[in-house]
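Q: quick one: sequence and predicted model below, then my questions.
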Amino acid sequence: MEPWHVDESLACFVLAEGAVAVEVPASWGAEVSTCLRSAGPLGPILAIPGPRLRWLFLARPDPEPGTRHVPPPDVRYWHGPRRIPAAESRWVVPPAGALPPVGAVRCAIRTVRRFW
């Protein structure tokens with residue numbers, strides 16, 4: 001069983017204990033996914049509508065806590081257990097295969113943000 005699921009009755013995305021999701025604005029989500037794909041497994045991505053469309057990258061947690069990472073202002077990290085509001089969400093990349101480590105997602109975000 002996956003460490004997450006979409007609960008349509010509550011209009012939310014549910015992360016289980018130990019699961020990690022990284023939320024970015026959709027306006028640069030495609031670039032982050034391209035950068036991540038070139039580095040290894042892409043993993044599932046969920047599009048969440050709202051005042052601003054957001055992409056949620058699912059990842060596996062880092063094996064050991066590293067140095068504290070301060071994300072860019074538009075990025076949010078979600079650690080399970082947690083419910084994330086996600087009414088009418090859709091899969092950009094459906095779940096299948098391995099998850100990237102959250103460190104790889106962070107690296108892809110830094111690479112994309114460097115060019116903005």
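A: Thanks, I have it.

Q: quick one, helices of this structure?
A: 26-39, 102-114 (DSSP state H).

Q: would you list those helices in CSV and tack on mean pLDDT and mean neighbour count?
A: The C-beta positions use only the backbone N, C-alpha and C, and glycine is treated the same way. Below are those laid out as CSV (pLDDT from 0 to 100; neighbours: other C-beta atoms under 10 Å):
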stretch, mean pLDDT, mean neighbour count
helix 26-39, 90, 17
helix 102-114, 88, 18
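
Q: adding distance to Pro95, write these out as CSV.
A: What follows is the helices of the chain, written out as CSV (distance: least, C-beta to C-beta, whole Å):
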stretch, distance to Pro95
helix 26-39, 14
helix 102-114, 15
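
Q: out of those, the one nearest Leu15 is which?
A: Of all the helices of the chain, helix 102-114 sits nearest to Leu15, with 12.4 Å by C-beta to C-beta.

Q: right, and the helices of the chain - which one's nearest Ala87?
A: Comparison of the helices of the chain against Ala87 by C-beta to C-beta identifies helix 26-39 as nearest, at 15.4 Å.

Q: and that closest one, how far from the chain's centre?
A: Distance of helix 26-39 from the chain centroid (C-alpha atoms, centre = their mean, to the nearest Å) equals 11 Å.

Q: next, the angle from it to helix 102-114.
A: Orientation of helix 26-39 against helix 102-114 (axes from the mean of the first three to the mean of the last three C-alpha atoms, to 10 degrees) gives an angle of 120 degrees.

Q: quick one: distance of stretch 21-36 to the chain centre.
A: In terms of C-alpha atoms, centre = their mean, the centre of stretch 21-36 is found 8 Å from the chain centre.

Q: quote the end-to-end distance of stretch 5-13.
A: 6 Å (C-alpha to C-alpha, to the nearest Å).

Q: could you pull out the buried residues of it?
A: 12-13 (16 or more other C-beta atoms under 10 Å).

Q: how near is the residue nearest the centre of the chain to Pro41?
A: For the chain, the residue nearest the mean C-alpha position is Phe57 (1.9 Å; C-alpha atoms, centre = their mean). Here the criterion is C-beta to C-beta, to the nearest Å. By it, Phe57 lies 11 Å from Pro41.
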